[in-house]
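J.: Got a predicted structure here, sequence first:
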Amino acid sequence: MPNKLQGSILMLLVFTLSSCGLFRNSSSLPDTFKNIRQLKRGLNELQLNYNWFSAKVKMKLNTGGNNLKTSGELKMKKDSLVWGKATKFIELARFQMQQDEFSVINRLESKYAKLNPKDFLGDVPLDFSAVTTVQKLLLGEFPFVLNDNDQVEFINQVISITRTHKTGKLTALLDASTLKMKEVVVYDGQEQKLALGYNQYQEVESSLVPAILNVHLFAGGSQEVGLELLNIRLSNQEKVEFSIPDDYEQMQF
């Protein structure tokens, strides 16, 4: 598979894989949050209110030492759809994620793939659907429902939340003043599997949304995707098109 397409596919694969984590145990909180219930309320209140979310995207892809800069689009219908495409003079690829299916069209090779999000998530239980979890990660929102078993610590104006599961853990670092994520790291055993860094936020209708998001995938060699979200628009309706040509060959993973 060409590195250009691999980078385009990696973008959604990384976000989907990043939801593989569960947490445990609670401890000291900042004065603003006297208990887990208050922190949970704060996380819920700061969620972006939208029906459709759309943005122009600038992407920097680094896969196996090969660098590529592309542009594209990202559109999301709350709790039901994530859609996007990557272009470099021509369209390279487009993807669509719905509740039970993640599909990618490879324009360069006239191929496509259809996968179940569970193929990436395994048997790890989620608090939300896979689509909603991915949307929350893209928006810099904590992707789980905080519970009393989560390990919560407050260090230097940063709230650290860790959830463990039978094969690893996920740690999220949140800004204590905004409750937006600064970093999410997924561990497989003791080794980092995936890291998402939120370098900058922008205000959209009185809510904070990532302006720059970096994704680092460690499995199978170091691979990085940098995303810059531009011209963000919230609306009641957006048009998306996703149809696989009849003569395209199905890719196998």
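T.: Structure received.

J.: Next SSE downstream of the helix-or-strand element of the chain with minimal mean pLDDT?
T.: One helix or strand of the chain scores below all others by mean pLDDT, DSSP states H and E: helix 3-17, with a mean of 42. Next helix or strand after helix 3-17 toward the C-terminus (DSSP states H and E): helix 36-45.

J.: now the strands for the stretch 1-150 of the chain?
T.: 52-63, 66-77, 81-88, 90-98, 101-106, 111-115 (DSSP state E, counting those that start in this stretch).

J.: Mind putting the ones you listed into a markdown table with distance to residue 128, mean pLDDT and mean neighbour count?
T.: (Each C-beta comes from the backbone N, C-alpha and C, glycine too.) A markdown table is the format used below for the strands of the stretch 1-150 of the chain (distance: least, CB to CB, whole Å; pLDDT from 0 to 100; neighbours: other CB atoms under 10 Å):
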| stretch | distance to residue 128 | mean pLDDT | mean neighbour count |
| --- | --- | --- | --- |
| strand 52-63 | 16 | 92 | 19 |
| strand 66-77 | 14 | 93 | 18 |
| strand 81-88 | 13 | 94 | 21 |
| strand 90-98 | 13 | 93 | 20 |
| strand 101-106 | 16 | 90 | 20 |
| strand 111-115 | 19 | 90 | 16 |
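
J.: Take the ones you listed and write them to a markdown table, including distance to residue 195.
T.: Output for these, formatted as a markdown table (distance: least, CB to CB, whole Å):
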| stretch | distance to residue 195 |
| --- | --- |
| strand 52-63 | 14 |
| strand 66-77 | 19 |
| strand 81-88 | 20 |
| strand 90-98 | 21 |
| strand 101-106 | 21 |
| strand 111-115 | 23 |
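
J.: Out of these, which is closest to residue 140?
T.: strand 52-63 (12.4 Å; CB to CB).

J.: what inclination does that closest one have with respect to strand 81-88?
T.: Orientation check (axes from the mean of the first three to the mean of the last three CA atoms, to 10 degrees): strand 52-63 against strand 81-88 gives 50 degrees.

J.: Quick check: neighbours of strand 52-63 in the sheet, parallel or antiparallel?
T.: strand 66-77 (antiparallel), strand 223-235 (antiparallel) (DSSP bridges).

J.: contacts for the shortest one?
T.: By that I understand strand 66-77. Applying CB atoms under 8 Å, 6 or more residues apart in numbering, the contact partners of strand 66-77 are 3-4, 7-8, 50-61, 81-88, 92, 135, 138, 229, 238, 240.
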